[in-house]
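Undergrad: Kindly generate the corresponding structure for this input.
(one chain, ligands or ions: 2)
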Amino acid sequence: MNGESQPISLDIQDWSVTYTGWEKPVHAVKNCSLSVARGRIVGLVGESGSGKSTLLMSIPKLLPAGTVTSGRIYCAGGEISRLSEDKINLWRWRRIALVPQGAMNSFTPHLTIERHISEVLRRHLGIPKRDCAQRAAELAAMAGLEKDVLYRYPHELSGGQKQRAALSAALACEPDFLLADEPTTALDVITQKGVLDTIASLVRERGMGLLLVTHDLPLAATVSDSLAVMKDGKLVEQGPSGEVSRSPRHLYAQKLVAAIRDMEGQWE
Ligand SMILES: Nc1ncnc2c1ncn2[C@@H]1O[C@H](COP(=O)(O)OP(=O)(O)OP(=O)(O)O)[C@@H](O)[C@H]1O
Ligand SMILES: [Mg+2]
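TA: Ligands and ions are numbered 1, 2, ... in the order given. From the prediction side, this is the model:
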């Protein structure tokens, strides 16, 4: 268990994930160790297919049946990687909430945003239906959504509004840790910044820990305390944001930063 001086954290230790559903096993995550303390933001960056979503989804055990994992994951000192399906279910949403990749496109079309958020409140916190609407409105406001958006159907929202709605649902149970997978991809740069700033300030205000997956290193660096760089399933570099984005040590991270500088240079 954590001593008083240690922050409450999500600790991933020597964690590997292998998909077994295909002819050949896919070793998507290889011996990764990473820690996210409450109140801190860790950005996880890397190219497409490097294993970011697999790592994230494996924390609350949301991978297909048959996927093999090894290593340990601790949350606030308790080992969650050993929990049965029933028990991990008690941690999902309440202690560890996820905004999955493509969350903005995964709403049920015939339910209003208010119904989506209320369902989470009812199912995971047992809040009676009559009290859900008020709480849903508070959560939506917290995520920067105007009140009338609550009563609209998903197709009546913009991409940014849908991301904010997904964020409201994820925050419904006041989790200790938020796992957000590309929460701003597919949004224009100004909307991206607005949504990310909202996430970052909520995380700071509420003392949550955030593991933020993105392939946008400059964007991650603006809000994260530390950055982890993933390549071919391995975490090849980790450190304070400023250090990793200014002077990366690993060759892949150097190439990533050089490519970004090159692109930025073309605009000067
Ligand atoms: N259900 C699955 N079965 C088998 N292999 C999978 C499955 N899901 C993902 N993979 C493979 O695992 C590897 C890591 O994929 P993952 O989705 O974690 O990458 P990512 O870093 O999130 O990529 P992106 O930035 O494109 O979202 C890839 O080689 C991918 O093809
Ligand atoms: Mg992904």
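
Undergrad: okay, CA-based contacts and neighbour counts for the rest of this
TA: Will do.

Undergrad: contacting residues around the residue of the stretch 51-200 of the chain found nearest ligand 1?
TA: Closest to ligand 1 within the stretch 51-200 of the chain is Gly51: 3.3 Å, counting by Cα to the nearest ligand atom. Applying Cα atoms under 8 Å, 6 or more residues apart in numbering to Gly51 gives the contacts 28-29, 230-233.

Undergrad: for this protein, which spans come out with low pLDDT?
TA: 1-6, 267-268 (pLDDT under 70).

Undergrad: Centre-most residue in it?
TA: By Cα atoms, centre = their mean, the mean C-alpha position of the chain lies nearest to Ala180, the distance being 1.7 Å.

Undergrad: Am I right that it sits in a helix?
TA: No: under DSSP: H, G, I helix; E, B strand; the rest coil, Ala180 falls outside any helix and is assigned strand.

Undergrad: which residues touch it?
TA: Counted by Cα under 8 Å, 6+ apart, Ala180 has contacts 98-101, 210-213.

Undergrad: Make CSV from those residues and add distance to Pro175 to it.
TA: Formatted as CSV, these follow (distance: Cα to Cα, whole Å):
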residue, distance to Pro175
Leu98, 10
Val99, 12
Pro100, 15
Gln101, 18
Leu210, 10
Leu211, 13
Leu212, 15
Val213, 18
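
Undergrad: Check those and tell me the two furthest apart.
TA: Gln101 and Leu210 (14.9 Å; Cα to Cα).

Undergrad: quick one, which of the two is more surrounded?
TA: Leu210 (28 against 19; other Cα atoms under 10 Å).

Undergrad: Show me the beta-bridge partners of that one.
TA: For Leu210, the beta-bridge partners are Ile41, Leu178 (DSSP bridges).

Undergrad: any idea how far whichever residue of the stretch 151-268 of the chain sits closest to ligand 1 is from Leu171?
TA: With Cα to the nearest ligand atom as the measure, His215 is the residue of the stretch 151-268 of the chain nearest to ligand 1, at 6.3 Å. Distance from His215 to Leu171, counting by Cα to Cα, to the nearest Å: 23 Å.

Undergrad: Counting neighbours, go ahead and name the busier of the two.
TA: The residue with more neighbours, out of His215 and Leu171 and counting by other Cα under 10 Å, is Leu171; that gives 27 against 20.

Undergrad: The more buried one is in contact with Ile96, isn't it?
TA: No: between Leu171 and Ile96 there is no contact under Cα atoms under 8 Å: 9.7 Å.

Undergrad: Please identify the buried residues of stretch 146-156?
TA: 149-150, 152-154 (16 or more other Cα atoms under 10 Å).

Undergrad: Could you tell me which residues make contact with Val68?
TA: Counting by Cα under 8 Å, 6+ apart, Val68 has contacts 17-20.

Undergrad: Gly233 now?
TA: Counting by Cα under 8 Å, 6+ apart, the residues that Gly233 touches are 27-30, 32, 50-52.

Undergrad: List only those of those flagged as buried.
TA: Here, 16+ other Cα under 10 Å leaves 27-30, 32, 50-52 buried among the contacts of Gly233.

Undergrad: Quickly note the distance from the nearest residue to Ser247 once chain neighbours are set aside to Cys75.
TA: Of all residues not flanking Ser247 in the chain, Gln254 sits nearest, at 7.5 Å (Cα to Cα, 6 or more residues apart in numbering). From Gln254 across to Cys75, the span is 32 Å (Cα to Cα).

Undergrad: do the same with Gly242
TA: Computed as Cα to Cα, the Gly242 to Cys75 distance reads 27 Å.

Undergrad: Comparing these two, which residue is more hemmed in?
TA: Higher neighbour count among Gly242 and Cys75: Cys75, with 23 against 15, using other Cα under 10 Å.

Undergrad: Appreciated, that's everything.
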